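S.K.: Sequence first, predicted model second:
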Amino acid sequence: MTDAATPVAEPERMRQGDVAMELRHPLPTNPALLAISNYFGINRRGSTFATEIRAGITTFLTMSYVLAVNSRIISESGGPCECPAATIDDPACVFYDPEYAQCVEEFRREMVTVTALSAMVGCFLMGFGANLPLALAPGMGMNAYFTYDVVGFHGTGNVKWDVAMAAIFIEGLIFVFLTITGLRKMLVYYLPECIKTAMTGGIGLFLAHLGLQTAEGIGLVVADIATAITLGGCPEANRTYAMYDGLSADAYTCDNYPGSKMTSATTYLGIITVILIGVLLKRNIKGAIILGVAFACIISWFKNSKVSYFEDDVYAAGGGDGLSGGEYRWRYFKQVVKLETLEMSAGQMNFSSGSASLATALITFLYVDLLDTTGTLIAMTKFAGLMDEDGHFENENYAFLVDGSATTIGACLGSSPVTTFIESGSGIEEGGRTGLTALVCGVLYFISIFFAPILASLPPWSTGPALIVVGSMMMKAVTTIEWGDYGQAIPSFLCIVLMPLTYSIAYGIIGGILSYVLINGLDWCIDFAMGRAKFPEFEWQDGMPVPKQDRASNSSSDTPEAETKADAKIDGSESVAPMAPMGVPPGMPPHMMPPMGQPGQMPMMPGQMPAQPYMAPAMNTLAGGPPAPGMNTQFVYPMGQSADPAFMPMAGQPQMQHQGMA
């Protein structure tokens, strides 16, 4: 509290949901920019236009690999392609017929455009509707499930491609229904707080795991026959790729050439990029992640080098039109500008066919995507500091609605389920806090429709370092978990560790929730049997049943303690639990009194430790005389001792003498 004659200017504060934000930057003077800033709340969230744009670019660069990877994976389903009449009677024609192979290649090129359009729509919806710095695109795990488990390689599965697209369309509509009815919000509300926090750490580990592997990273961690994973870093010539049902996977091992470990130039380039980004971040260089990605990219775009993205002896994956992977990427890269049509993919849905396999696929799409996207939304908003103390964030219903809408629209274009990407964390780390970050990312995806040959040519060892760095940043969230409480520690740990080890966010969440319910539920049952626990009572709040609060343990809003906590919540300070006042010990000598005009300078009795005083707003009449107007009225010492508040004016107040004191 300050004197009326000497007001102290305090930083202007505004409410964003339940999270207090400071205006750290001046408002723009241009009317158009001011309108945009007000719409997105850029200043309210402590950001700037430059920061949001830089964050959007960073997010796009980190997840741009999806243009090439998603198109390759989805095209391996065969899409709508069929063998010509001459070979159609042979089920194996999909493996050798040249016309079928050419159709698949054309479909793959279309899928680059489909991927970009789906991501663009999702980012625009998230930016404009939910105003969150989160980017969307076809999910990497779901596209693999769609191709290899549902439709099958080149259509050899139990569900046709157009029927599977109809299932994804229906899944999106169910998502929308769950959001409108509030059922999805209930899921978020009832998640234990420690699991919500563990999601952030688990996704951070998952990101780092992706960045350390080859398909999306630097190739430092590879497969192993005995231990599942091990140290890698071997060059292309020394890799032994895993085979599943006669098909080559992205996973490989270096075990057959033990001396080749840590001899790959691309792995070392990735490590150097991680160190470079780390140094730039430590020195607070803006755009550190962008600079790191650009550094590795430009070096990798030169032909005839040990790190060239266009050499088969460096990276042989891919290929088409009868060309090897490196040569095909080089020819595609040189086109610079290329626009594909959507003749083969858009609107290809068949609702007339039904089967047990289709129902299984729909249910699997639904529960995996539901937990995946919900976990990502919670983790990313928490990482961005946009979640309040009750576990909610602004426009959360719109964000959930965007997930379902984007999936439905993506199915109309021919895409697998569209989901929020954990790579959004890279943009958040760059400072992105509003939907403008998502819009910038969406604009870049729109541009990539025309410049796909360039933007789809970012090598994985250039974007992998960004994932590793962002993963490390997200781990700081786990410090808030009560690790001394095994009812929280074990479920949180399982949630964190299962995400990277099972390669699934959904499985990590399931493991965390189930272990939390079992451990704490059995513990409660034991207490109940011993008469130490009772069934909780529930009441309805915001359309949801929630446990009733213990009225005896919650002070009313007009008590001094409640007012103090409310003040602390607004100014961000920690409240100190008040102790019962006992008054000034009789006969206290003058030299033991607090220094005049210096609040917080507490007199110490022999053997006492200094402590931060509790400042109560209520008047204290235990002292001998009334306090001066505008003063703090009570200071509580350790061990319950209280000093006369008349001796302790706030800074800036006139010094007063106690009545009866010389």
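M.R.: Sure, I can see it.

S.K.: Going by neighbour count, which residues of stretch 366-382 are buried?
M.R.: For stretch 366-382, burial by neighbour count (16 or more other CB atoms under 10 Å) applies to 366, 368-382. For glycine as for every other residue, the C-beta is placed from the backbone atoms N, C-alpha and C.

S.K.: Same question for stretch 223-237.
M.R.: 223, 229, 232-236.

S.K.: where does the stretch 451-600 of the chain dip in pLDDT?
M.R.: 541-544, 546, 548-600 (pLDDT under 70).

S.K.: The residue lying closest to residue 68 once chain neighbours are set aside: what's it in contact with?
M.R.: Sequence neighbours aside, residue 456 is the residue nearest to residue 68 in space, at 4.3 Å (criterion: CB to CB, 6 or more residues apart in numbering). The neighbours of residue 456, taking CB atoms under 8 Å, 6 or more residues apart in numbering as the test, are 64, 67-68, 71, 112, 332, 448.

S.K.: try residue 224
M.R.: 230, 253, 255.

S.K.: my read: the first one touches residue 221, true?
M.R.: Okay, so that is residue 230. Yes. Counting by CB atoms under 8 Å, residue 230 does reach residue 221; the two are 7.5 Å apart.

S.K.: Confirm residue 241 sits in a helix?
M.R.: No. The assignment for residue 241 (DSSP: H, G, I helix; E, B strand; the rest coil) gives strand, which keeps it out of a helix.

S.K.: Look up which residues are beta-bridged to it.
M.R.: Beta-bridge partners for residue 241, by DSSP bridges, are residue 252.

S.K.: Please report how far it lies from residue 215.
M.R.: Between residue 241 and residue 215 the distance, using CB to CB, to the nearest Å, works out to 11 Å.

S.K.: okay, stretch 60-73 in PDB with CA atoms only?
M.R.: Output of stretch 60-73 as PDB, limited to C-alpha atoms (Å, rounded to 0.1, in the frame of the first residue of the first chain):
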ATOM      1  CA  PHE A  60       7.100 -24.800 -39.600                       C
ATOM      2  CA  LEU A  61      10.800 -25.600 -40.100                       C
ATOM      3  CA  THR A  62      10.800 -28.100 -37.300                       C
ATOM      4  CA  MET A  63       7.800 -30.000 -38.600                       C
ATOM      5  CA  SER A  64       8.200 -29.400 -42.300                       C
ATOM      6  CA  TYR A  65       9.500 -33.000 -42.700                       C
ATOM      7  CA  VAL A  66       5.900 -34.000 -42.600                       C
ATOM      8  CA  LEU A  67       5.500 -32.900 -46.200                       C
ATOM      9  CA  ALA A  68       7.900 -35.600 -47.500                       C
ATOM     10  CA  VAL A  69       7.400 -38.300 -44.800                       C
ATOM     11  CA  ASN A  70       3.600 -38.200 -44.700                       C
ATOM     12  CA  SER A  71       3.300 -38.300 -48.400                       C
ATOM     13  CA  ARG A  72       5.600 -41.300 -48.600                       C
ATOM     14  CA  ILE A  73       3.800 -43.300 -45.900                       C
END
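
S.K.: Report the mean per-residue pLDDT for that stretch.
M.R.: The predicted model assigns stretch 60-73 a mean pLDDT of 83.

S.K.: what do you get for stretch 360-379?
M.R.: Mean predicted lDDT for stretch 360-379 stands at 81.

S.K.: now it, how far from the centre of its chain.
M.R.: 15 Å (CA atoms, centre = their mean, to the nearest Å).

S.K.: same thing with stretch 470-485?
M.R.: The chain centroid and the centroid of stretch 470-485 are separated by 14 Å, computed with CA atoms, centre = their mean.

S.K.: buried residues in stretch 122-142?
M.R.: Neighbour count says stretch 122-142 has 122-142 buried, by 16+ other CB under 10 Å.

S.K.: and for stretch 254-268, what are the contacting residues?
M.R.: Counting by CB under 8 Å, 6+ apart, 218-220, 222, 224-225, 230-235, 238-240, 300, 306-307, 314-315, 459, 461 sit against stretch 254-268.

S.K.: Equivalent analysis for stretch 341-360, please.
M.R.: Residues contacting stretch 341-360 (CB under 8 Å, 6+ apart): 79-81, 106-107, 110-111, 113-114, 117, 150, 157-167, 169, 411-414.

S.K.: Buried by neighbour count: which residues of it qualify?
M.R.: 344-346, 348-349, 357-358.

S.K.: where along this protein do the strands fall?
M.R.: Applying DSSP state E to the chain gives strands spanning 13-16, 19-22, 136-138, 221-224, 228-231, 240-244, 247-253, 418-420, 538-541, 544-547, 635-636, 642-643.

S.K.: Using PDB, write out every CA atom in the fourth one.
M.R.: Read it as strand 221-224. In PDB, the C-alpha atoms belonging to strand 221-224 read as follows (Å, rounded to 0.1, in the frame of the first residue of the first chain):
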ATOM      1  CA  VAL A 221      20.100 -43.800 -31.500                       C
ATOM      2  CA  VAL A 222      19.300 -46.900 -33.700                       C
ATOM      3  CA  ALA A 223      17.700 -50.300 -33.300                       C
ATOM      4  CA  ASP A 224      19.400 -53.300 -31.700                       C
END
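
S.K.: Give me the mean pLDDT for it.
M.R.: 90.

S.K.: what residue ranges in the stretch 101-250 of the chain score low on pLDDT?
M.R.: For the stretch 101-250 of the chain, the stretches with pLDDT under 70 are 141, 244-250.

S.K.: the helices in it, which residues?
M.R.: Taking DSSP state H, counting those that start in this stretch as the test, the helices found in the stretch 101-250 of the chain are 140-144, 161-180, 183-190, 193-212.

S.K.: Which strands or helices does the last one pack on?
M.R.: Translated: helix 193-212. Counting contacts by 3 or more CB pairs under 8 Å, 6 or more residues apart in numbering; DSSP states H and E, helix 193-212 packs against helix 356-383, helix 424-429, helix 460-474, helix 486-502, helix 505-529.

S.K.: I'd like to know which of these is closest to residue 395.
M.R.: helix 356-383 (9.9 Å; CB to CB).

S.K.: Now do the same contact list for the residue positioned nearest the centre of the chain.
M.R.: Against the mean C-alpha coordinate of the chain, by CA atoms, centre = their mean, the closest residue is residue 380 at 2.4 Å. Contacts were defined as CB under 8 Å, 6+ apart; by that measure residue 380 touches 132-134, 420, 422, 424-425, 428.

S.K.: do residue 307 as well
M.R.: 265-266, 269, 299-300, 314, 461.

S.K.: ok, it to residue 300 distance?
M.R.: On the measure of CB to CB, residue 307 and residue 300 end up 5 Å apart.

S.K.: quick one: common contacting residues for those two?
M.R.: Common neighbours of residue 307 and residue 300 (criterion: CB under 8 Å, 6+ apart): 266, 269, 461.
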